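J.: Generate coordinates for the sequence data below:
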Amino acid sequence: MKILAVTMGKNLEVFLRLYELLQNDLVMEPPAIFAADSLFFHKIMHHYSILQKADVLKEWELTDKGSKIQPNLRRLQYYEKQIGDPFLWNALLADRRIFFGKLCKVKQDYKSRFTYQQLLGILNVFLDEIDTFIKKHKPDLILSFGTATLADYLFFLFAKQKNIPYRQLKSTKIKNYIALNDTATGISTAIRSRYYSAQPFNNITIKEAKDYLNSITVKGLCYEGAILFGKRKMINKLCKAPFAFMGALRAFWQLRNNTVIKNDCHVPPLILSALYQNIVQPLKALALTHTLPFIGLKQLEKESPFLFYPLHFEPEVSLQVYGRPYQNQIELIRNLSFNVPINMKIVVKEHPRSLGFRSRSYYRKLLEIPNVRMVDPFVPSIHIVRKSAVVAVVSGTIGLEAAVCGKPVLIFGKTPYEILPKTMVRKVNITNIGQTLIELMNTYSYDKKALINYIASIINESVSVDLYTTLLGKPQRFSINTDSLDSQQKEIKAYEKLADYIKRSFDSANYKTS
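T.: Down below sits the predicted model:
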């Protein structure tokens, strides 16, 4: 079996560890690998023998080459006809590191780091090199770990055009379940088919689904890998800022002569990033909570009835890929504000991750809309959902949280839970908000059976593995793991479970394994 893996950062190591386990039971050819993040690649390149045998296509080399060439417009138009979605700007938009500014991960930085000509040149090189790479290796499977880079998106589009099996290892945002999706932008065919199937679930799965639904109504929707935020964490960041800043200075000094890593889009400016993340953002966040007219939970009672809109962090996949027509959330909220009943307010909550990230003028523009109120960003969303009349989201888990709590939900973008009954959740676009809201409110009906079926379908077609906290080792993330195992044992167990799940999915799909 030949796997072509599309990786970024530590996902490369996750793939290599999985490959080592898979080849114990399957006949595996040396993999083909696309790697993003030169810093992490060079960190582990000598630790895995399989990496020495693999053919590796390196994102940083393609980006550097593409930024220096004259783009071939005929070639780009050819590819756009072959794999466009419908156009290739969507692939560029998916990658915030290319489409936006150098500091887009730590502050509002919408000015692209590349010119129009450079963007086309980069796209030109990526298309040619990826197409050639796929033709060279003829993979039995393209395995991806997300849709956050230009390459991620292009490999998905090429796989679809060339009829190559595609799987994306992705968190379901249900507990710690992760699934192999056969699409980059929606719910997997396996989960969808199970949801619509008349085949009953076993009692254990049904009980787990019911227990999880009950926990959502009490605590809100918590899933493994969710980023933890709060005022205390902001203060802790400030206290630890000198150590973080010294670490960034040390790393900068070590890499000062490495032009490859310094010019890689996936390696942020180390000193500036440390400054913003550990000093500027926490200070701005704390200042904003004391100077802007955010309302508290008690004041929400006076705003009833209200539509709740949770802001998305941006730039992020939730908007760039799942909500492409709604990049400007201020204008989306403005449209919502005059498409609700005259007595209804719009309550907006900032994503805690974005507090101190956006400019003060962003919030002023929102607060200038007459029927818009902003709630304290540190109030748990579940409390706001409970008091709301309706919830509107582009994508994201708060929509599912609201559906579970018995609230009508308007969805603008792409979400897995849009398969729930239209009497609970309704897709909407910018031109028919008011009419869709009326229809949803008039026909709303809570369907607990459908919710249990949705959760049970995900449990049945996924595997419970701590992807973010154990395999990727991301800090300040929510974990539901209560095992008494040490970190190494947890990691071994997680890899074994994930490898077994992948092998079972290979068997069910009848992939060529020898």
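J.: For the residue nearest the centre of the chain, list the residues it contacts.
T.: Nearest to the mean C-alpha position of the chain, counting by Cα atoms, centre = their mean, stands residue 317 at 4.9 Å. Taking Cβ atoms under 8 Å, 6 or more residues apart in numbering as the criterion, residue 317 is in contact with 94, 146, 147, 148. (Each C-beta comes from the backbone N, C-alpha and C, glycine too.)
J.: Of all pairs in the residues you listed, which one is the farthest apart?
T.: Spanning the widest gap among those are 94 and 146, at 9.7 Å by Cβ to Cβ.
J.: Could you check which of the two is surrounded by more residues?
T.: Using other Cβ atoms under 10 Å, the more surrounded residue of residue 94 and residue 146 is residue 94, with 27 against 20.
J.: Return the distance of that one relative to residue 106.
T.: Per Cβ to Cβ, to the nearest Å, residue 94 is found 20 Å from residue 106.
J.: coming back round to it: now, the contacts of residue 317 that are in helices?
T.: Using DSSP state H, the subset of those located in helices is empty.
J.: now the residues you listed in a markdown table, with pLDDT and distance to residue 234?
T.: Below are these laid out as a markdown table (pLDDT from 0 to 100; distance: Cβ to Cβ, whole Å):
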| residue | pLDDT | distance to residue 234 |
| --- | --- | --- |
| 94 | 94 | 30 |
| 146 | 90 | 27 |
| 147 | 91 | 30 |
| 148 | 90 | 26 |
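J.: Mind putting those residues into CSV with distance to residue 444?
T.: Converted to CSV, the contacts of residue 317 look like this (distance: Cβ to Cβ, whole Å):
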residue, distance to residue 444
94, 34
146, 34
147, 32
148, 35
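J.: Would you state the helices of the stretch 1-150 of the chain in chain order?
T.: 11-22, 38-44, 49-53, 59-66, 73-83, 89-93, 96-99, 116-137, 150-162 (DSSP state H, counting those that start in this stretch).
J.: Redo the ones you listed as a markdown table? Include mean neighbour count.
T.: Below are the helices of the stretch 1-150 of the chain laid out as a markdown table (neighbours: other Cβ atoms under 10 Å):
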| stretch | mean neighbour count |
| --- | --- |
| helix 11-22 | 21 |
| helix 38-44 | 18 |
| helix 49-53 | 13 |
| helix 59-66 | 21 |
| helix 73-83 | 14 |
| helix 89-93 | 20 |
| helix 96-99 | 22 |
| helix 116-137 | 19 |
| helix 150-162 | 23 |
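J.: For residue 350, which of these is the nearest?
T.: Of the helices of the stretch 1-150 of the chain, the one closest to residue 350 (Cβ to Cβ) turns out to be helix 96-99, at 18.9 Å.
J.: residues in contact with residue 293?
T.: By Cβ under 8 Å, 6+ apart, the neighbours of residue 293 are 367, 374.
J.: let's go with 7 Å and repeat that
T.: residue 367 (Cβ atoms under 7 Å, 6 or more residues apart in numbering).
J.: Tell me how far it lies from residue 376.
T.: 10 Å.
J.: for residue 262, same thing?
T.: Residue 262 sits 40 Å away from residue 376, going by Cβ to Cβ.
J.: cool, and residue 292?
T.: Distance of residue 292 to residue 376, computed by Cβ to Cβ: 10 Å.
J.: Overlap of the contact sets of these two?
T.: Counting by Cβ under 7 Å, 6+ apart, nothing touches both residue 292 and residue 376.
J.: quick one: the strands in the protein?
T.: If DSSP state E is used as the criterion, the strands of the chain fall at 3-8, 32-36, 55-58, 141-144, 166-171, 177-181, 306-310, 345-349, 372-375, 390-393, 409-411, 425-427, 463-464.
J.: closest to residue 256 out of those strands?
T.: Taking Cβ to Cβ, strand 55-58 is the member of the strands of the chain nearest to residue 256, at 21.3 Å.
J.: Going by neighbour count, list what's buried in the closest one.
T.: 56, 57, 58 (16 or more other Cβ atoms under 10 Å).
J.: Run through the neighbouring helices and strands of it.
T.: When contacts are defined as 3 or more Cβ pairs under 7 Å, 6 or more residues apart in numbering; DSSP states H and E, strand 55-58 sits against strand 32-36, helix 116-137.
J.: For that strand, what is the distance to the chain centroid?
T.: 24 Å (Cα atoms, centre = their mean, to the nearest Å).
J.: Do me a favour and get the end-to-end distance for stretch 33-45?
T.: 12 Å (Cα to Cα, to the nearest Å).
J.: ok, residues contacting it?
T.: Taking Cβ under 7 Å, 6+ apart as the rule, stretch 33-45 contacts 5-10, 12-13, 51, 54, 56-60, 149, 151, 155, 260-261, 264, 266-267.
J.: Mark out where each domain of the protein begins and ends.
T.: 3-171+482-509, 200-225+293-470, 230-291 (automatic domain parsing).
J.: looking at the ones you listed, which has the lowest confidence?
T.: Per-segment mean pLDDT for those reaches its minimum on domain 230-291, at a mean of 89.
J.: And the helices in the stretch 151-300 of the chain, which stretches?
T.: Assigned by DSSP H, counting those that start in this stretch, the stretch 151-300 of the chain shows helices spanning 189-196, 203-219, 231-255, 259-262, 270-275, 281-291, 297-300.
J.: Dump the ones you listed to JSON lines, plus mean neighbour count and distance to residue 77.
T.: Shown next, in JSON lines, are those (neighbours: other Cβ atoms under 10 Å; distance: least, Cβ to Cβ, whole Å):
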{"stretch": "helix 189-196", "mean neighbour count": "17", "distance to residue 77": "31"}
{"stretch": "helix 203-219", "mean neighbour count": "15", "distance to residue 77": "48"}
{"stretch": "helix 231-255", "mean neighbour count": "14", "distance to residue 77": "39"}
{"stretch": "helix 259-262", "mean neighbour count": "15", "distance to residue 77": "32"}
{"stretch": "helix 270-275", "mean neighbour count": "18", "distance to residue 77": "37"}
{"stretch": "helix 281-291", "mean neighbour count": "16", "distance to residue 77": "42"}
{"stretch": "helix 297-300", "mean neighbour count": "14", "distance to residue 77": "52"}
